[in-house]
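Visitor: Generate coordinates for the sequence data below:
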Amino acid sequence: MLDVHSPITSDPSGLVDLMRGRRCVALAGAGCSTESGIPDYRGPQGSMRARTPIQYGDFVRSPQARARYWARSTVGWERMSSARPNHGHTALARLEAGGVVAGVITQNVDGLHHAAGSRRVVELHGSLAQACCLTCGLRVSRASLQQWMLEENSEWVHRLSSRSNGDEAEAAPDGDADLAPDAYATFVPPDCSACGGILKPDVVFFGETVPRARVDEAWRLLDEGDVLLVVGSSLTVYSGRRFIYRAVERGMPIAIANLGPTRADDVAAVKVEGRLGEIMPQVADALL
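Guide: Here you go, the predicted model:
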């Protein structure tokens, strides 16, 4: 770790200087995807203060909680599935292809790093593109579930679309949408077609543990780096912040590009404040 931290700046040249000639590992958060139209929780436009995300225990125990989740997900899926990588994603993919970035550890579940061309991506919290049965392990595509839910709940979809209050379907960070409490009372959620068990999106909910194999894969990737590059994460959640602790223990310099404060600003060698779609292409252009 560098002893003298650079001041927070909007100039990416400090990032370039720190990354040049070094192997970097990127730790990506929700701020990577806000420029693709996917809301975040804790950034300047985040909604965590006004909204509690689905909890794993509630989803498993409560049929009502599952109906609530899948109803919201049905409404929000079109926006999530149509999102495209932004310039920040593509810059990271370019840096990986050029040998500057060893890979990406992402807290996002939207698949946009893969879509941008990144090859080595550890999806720490899973992917919304699939769902799995908690009983038999059957895996199904989220796209096929969407078609099933729209057909099975056609009257519900029609009633919802006819409501006049546009705020009821406001986009939310989980790939779902905020709905009024009474909007999902009649919604029929999907069950496993093989055993009738509970279908859950293949993502880590709040209160759920990240699979050990996935964490180990992330540690292996981190060990290949000389610099930890944090992009678009406030590092509020421990599952991402743990990599900061390991980097500090190893004396591994930490570089941050983010819009807003993070939990690692005090230990960063370089902190660049701004939009990733502007910062990261400049970094890639300078290093490649």
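
Visitor: packing partners for the helix of greatest length in the chain?
Guide: Longest among the helix segments of the chain by residue count, using DSSP state H, is helix 63-82. Contacts defined by 3 or more CB pairs under 8 Å, 6 or more residues apart in numbering; DSSP states H and E place helix 63-82 against helix 56-61, helix 142-152, helix 154-162, strand 177-178. (C-beta placed from N, C-alpha, C; glycine too.)

Visitor: Would you mind splitting this protein into its domains for me?
Guide: Domain assignment for the chain by automatic domain parsing gives 1-38+85-125+210-288, 47-82+129-203.

Visitor: so E123 sits right up against V109, yeah?
Guide: Yes. If you go by CB atoms under 8 Å, E123 and V109 touch, sitting 6.9 Å apart.

Visitor: For my notes, confirm L229 occurs in a strand.
Guide: Yes. Checked against DSSP: H, G, I helix; E, B strand; the rest coil, L229 lies within a strand.

Visitor: per-residue confidence averaged over stretch 223-231?
Guide: Across stretch 223-231, pLDDT averages out at 98.

Visitor: Show me where the stretch 51-200 of the chain dips below the pLDDT cut-off.
Guide: By pLDDT under 70, the low-scoring segments of the stretch 51-200 of the chain are 51-52, 163-178, 180-181.

Visitor: For the closest residue to M280 other than its chain neighbours, what is the enclosing helix or strand?
Guide: In space, and not counting its chain neighbours, M280 is closest to A91: 3.6 Å by CB to CB, 6 or more residues apart in numbering. Element membership for A91 (DSSP states H and E) is helix 87-97.

Visitor: Output the contacting helices and strands for that helix.
Guide: Contact here means 3+ CB pairs under 8 Å, 6+ apart; on that basis helix 87-97 packs against strand 24-28, strand 101-106, helix 112-116, helix 276-287.

Visitor: returning to that earlier point: can you tell me which of the helices and strands packed on helix 63-82 comes nearest to R84?
Guide: Closest approach to R84 among the helices and strands packed on helix 63-82 (CB to CB): helix 142-152, 16.1 Å.

Visitor: circling back: and the contacts of the helix holding A91?
Guide: By CB atoms under 8 Å, 6 or more residues apart in numbering, the surrounding residues in contact with helix 87-97 are 24, 26, 28, 32-33, 35-36, 85, 101-104, 112-113, 115-120, 231-232, 275-281, 283-284, 287-288.

Visitor: What count of nearby residues applies to the closest residue to R120 other than its chain neighbours?
Guide: Closest residue in space to R120, ignoring its immediate chain neighbours: G103 at 3.3 Å, by CB to CB, 6+ apart. Neighbour count of G103, defined by other CB atoms under 10 Å: 24.

Visitor: will you turn the helices and strands packed on helix 63-82 into JSON lines that also has distance to P190 and mean neighbour count?
Guide: Listed next are the helices and strands packed on helix 63-82 as JSON lines, based on distance: least, CB to CB, whole Å; neighbours: other CB atoms under 10 Å:
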{"stretch": "helix 56-61", "distance to P190": "13", "mean neighbour count": "15"}
{"stretch": "helix 142-152", "distance to P190": "5", "mean neighbour count": "15"}
{"stretch": "helix 154-162", "distance to P190": "14", "mean neighbour count": "12"}
{"stretch": "strand 177-178", "distance to P190": "17", "mean neighbour count": "20"}
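
Visitor: any chance of those in TSV, plus distance to V267?
Guide: Shown next, in TSV, are the helices and strands packed on helix 63-82 (distance: least, CB to CB, whole Å):
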stretch	distance to V267
helix 56-61	30
helix 142-152	37
helix 154-162	46
strand 177-178	35
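
Visitor: Just the CA atoms of the longest helix of the chain, as PDB, please.
Guide: C-alpha atoms of helix 63-82 as PDB (Å, rounded to 0.1, in the frame of the first residue of the first chain):
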ATOM      1  CA  PRO A  63     -45.500 -18.100  -0.400                       C
ATOM      2  CA  GLN A  64     -46.600 -14.500  -0.200                       C
ATOM      3  CA  ALA A  65     -43.000 -13.200  -0.300                       C
ATOM      4  CA  ARG A  66     -42.400 -15.400  -3.300                       C
ATOM      5  CA  ALA A  67     -45.500 -14.100  -5.100                       C
ATOM      6  CA  ARG A  68     -44.300 -10.600  -4.300                       C
ATOM      7  CA  TYR A  69     -40.800 -11.200  -5.600                       C
ATOM      8  CA  TRP A  70     -41.900 -12.900  -8.900                       C
ATOM      9  CA  ALA A  71     -44.600 -10.300  -9.500                       C
ATOM     10  CA  ARG A  72     -42.100  -7.500  -9.200                       C
ATOM     11  CA  SER A  73     -39.600  -9.400 -11.300                       C
ATOM     12  CA  THR A  74     -42.100 -10.000 -14.000                       C
ATOM     13  CA  VAL A  75     -42.600  -6.300 -14.400                       C
ATOM     14  CA  GLY A  76     -38.900  -5.400 -14.100                       C
ATOM     15  CA  TRP A  77     -37.500  -8.200 -16.300                       C
ATOM     16  CA  GLU A  78     -38.000  -6.400 -19.600                       C
ATOM     17  CA  ARG A  79     -35.900  -3.500 -18.500                       C
ATOM     18  CA  MET A  80     -33.200  -5.700 -17.100                       C
ATOM     19  CA  SER A  81     -33.000  -8.100 -20.000                       C
ATOM     20  CA  SER A  82     -32.900  -5.300 -22.600                       C
END
